[in-house]
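J.: Here is my input, please return the structure:
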Amino acid sequence: MIDRLRAQGIRNEKVLAAMDAIPRHQFVEKGLAFSAYDDSALPIGLQQTISQPYVVARMIEILCDRHELGRTLEIGAGCGYQAAVLSMLASEVYSVERLKMLLDRARKNLRPLRLPNLRLKCADGTLGLPEAAPFDTIIVAAGGLKVPLALKAQLAPEGRLLIPVGDAGQRLLLIERQGSVFKESKCDPPVRFVPLLTGIE
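T.: Numbers count the residues shown, from 1 in each chain. Alright, predicted model coming up:
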């Protein structure tokens with residue numbers, strides 16, 4: 001998997017090392033373990049997916065470009081895989097998931113790794129996590145038509161937010177806070193994420 005990520009253009013060795021350190025097969029159903037290291041998204045139940053390795057690596061690489069991740073908020077814990085990778089690179093990771101059953105699975109998947117700087121919470125991701133803000137980094141693993149204002153408000157003064165935006169064709173939108181100004185730029189590749197929904201189930 002790591003050799004393939006290099007061939008696909010991932011250059012950040014810290015990101016590659018973090019991906020290499022986390023056993024991806026622990027985060028998928030046993031029947032799909034043989035496909036865990038393929039470059040494809042896989043179902044994890046409740047109409048959710050674990051993102052393909054390249055997308056995980058590319059999103060984190062964008063956020064790591066000339067920056068430390070620092071205090072990081074992940075929206076959409078899913079099965080816990082990306083949160084585990086982030087924990088290898090960030091000082092603290094807070095990961096929220098709106099689906100209680102999925103969050104329970106993520107906790108079970110993560111327990112053997114004993115990651116001391118990772119905290120999970122069942123919460124509406126569109127609202128962020130105000131009690132732990134501000135964040136140096138926010139990464140969103142679900143797509144919407146617009147960026148929730150709560151997430152922008154919870155960025156630290158030099159914080160960065162990466163979120164898939166769009167309907168039929170999603171693009172990664174990087175938002176960089178510079179004081180009260182928010183600079184936006186679109187990043188490759190085109191992506192396809194599950195919808196960013198409100199509420200808790």
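J.: Leaving aside the residues adjacent along the chain, what's closest to Glu176?
T.: Lys183 (4.6 Å; Cβ to Cβ, 6 or more residues apart in numbering). The way it works is simple: take the backbone N, C-alpha and C, and place the C-beta from them, glycine included.
J.: So that neighbour: helix, strand or coil?
T.: At Lys183 the chain is in strand, as set by DSSP: H, G, I helix; E, B strand; the rest coil.
J.: what residues are up against it?
T.: Ile175, Glu176, Arg177 (Cβ atoms under 8 Å, 6 or more residues apart in numbering).
J.: Could you dump the residues you listed into JSON lines with neighbour count added?
T.: What follows is these, written out as JSON lines (neighbours: other Cβ atoms under 10 Å):
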{"residue": "Ile175", "neighbour count": "19"}
{"residue": "Glu176", "neighbour count": "16"}
{"residue": "Arg177", "neighbour count": "20"}
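J.: any idea which of these is the one closest to Pro157?
T.: Using Cβ to Cβ, Arg177 is the member of those that lies nearest Pro157, at 6.3 Å.
J.: rewinding a little: give me the subset of the contacts of Lys183 that lies in strands.
T.: Those of the contacts of Lys183 mapping onto strands are Ile175, Glu176, Arg177, per DSSP state E.
J.: possible to save the residues you listed as TSV with distance to Ile163 and pLDDT?
T.: Formatted as TSV, these follow (distance: Cβ to Cβ, whole Å; pLDDT from 0 to 100):
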residue	distance to Ile163	pLDDT
Ile175	7	97
Glu176	12	97
Arg177	13	96
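J.: follow-up on the earlier one: distance of the residue nearest to Glu176 from Ala90?
T.: 22 Å (Cβ to Cβ, to the nearest Å).
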